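Asks: Next comes the sequence, and after it the predicted model I'd like to discuss.
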Amino acid sequence: MDRRNSPFLISVLCLGIAFLYLPMAVLIAYSFNASALASVWGGFSTAWYTELVHNRQILSAAALSLQVAALASTGALVLGTLAAIALVRFTKFRGRLLLAGMVNAPLVMPEIITGITQLLLFVSMLQLIGWPSRGMTTIVIAHVAFCTAYVTVTVQSRLQSADRSLEEAAMDLGASPLQAFVDVTLPIILPALVSSWLLSFTLSLDDLVISSFVSGPRSSTLPMVIYSKVKLGVSPDINALASLIITGVGACVLIAGYVLRRAERGRQAEVLQAAG
């Protein structure tokens, strides 16, 4: 019997897909609910999308979250890549074990502990040197701290599998170590860099716990605003916002899949052309 056509496996697959995506479909449907009550259907309406567009609190929180995510993911990419290069290319130096432990610590540290410790650090620094005040700056610093770990692990695994002999061949041909790294190794690890930046951007955009500790009174991120509204009950405008986010993420996934599929077909065509 072909296991791929097993009724049990197909049923489990359908249940898993329904468990993941059925709540999203219900949420999108209720975002067009004319009633202000989430449990009562009052007819089809797009009023909540119109209200969302004019909601300055949500729009300002979304803009702040996007700025923080972009800055934090870029800073984490730079620091994480340097840390990965140090751990892979320099196998023996004083403090290597400490650096590896500090890099991996945020991966296993509970977010609430990270948030408390960073809050105490920022309060102490503000009392000693008068900087930084709690706000966008402290949120970016905190997000860089935990996103760097994910970048380091991702880039480190890619660097370890990269062929070092290609870089050595470039240096034998007259390239400097920096030029050989930029021209040879950097294109090889570029997919890891892109995926690390996207992962850091997503983690920063999604963070709630750490941001709640290190943010200031006028620097609420989008997850903080959503959480504060949901605590008072499910709001239809939040349903509309979640529907837009789901639609945007789904569109990005489809576009990325299409681009990767075209690139793979192009590579296969080049291989066949070279073989012919």
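Replies: Happy to help now that I have it.
Asks: CA atoms of stretch 261-268 as CSV?
Replies: Listed next in CSV are the C-alpha coordinates belonging to stretch 261-268 (Å, rounded to 0.1, in the frame of the first residue of the first chain):
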residue,chain,number,x,y,z
ARG,A,261,11.1,29.0,-8.7
ARG,A,262,12.1,31.1,-11.7
ALA,A,263,15.7,31.2,-10.4
GLU,A,264,15.8,27.5,-10.0
ARG,A,265,14.4,27.0,-13.5
GLY,A,266,17.0,29.4,-14.8
ARG,A,267,19.8,27.4,-13.1
GLN,A,268,18.5,24.1,-14.5
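Asks: where's it relative to the chain centroid, distance-wise?
Replies: 26 Å (Cα atoms, centre = their mean, to the nearest Å).
Asks: cool, stretch 185-204 as well?
Replies: Centroid displacement of stretch 185-204 relative to its chain, using Cα atoms, centre = their mean, is 10 Å.
Asks: Any chance you could list what contacts that stretch?
Replies: With Cβ atoms under 8 Å, 6 or more residues apart in numbering as the test, stretch 185-204 has contacts from 65, 68-70, 72-74, 76-77, 80-81, 143, 146-147, 150-151, 154-155, 157-159, 162-163, 166-167. In short, each C-beta sits where N, CA and C put it, glycine included.
Asks: buried subset of those?
Replies: Neighbour-count burial (16 or more other Cβ atoms under 10 Å) applied to those gives 65, 68-70, 72-74, 76-77, 80-81, 143, 146-147, 150-151, 154-155, 158-159, 167.
Asks: one step back: take the contacts of stretch 185-204 and keep only those in helices.
Replies: Judged by DSSP state H, helices contain the following of those: 65, 68-70, 72-74, 76-77, 80-81, 143, 146-147, 150-151, 154-155, 157-159, 166-167.
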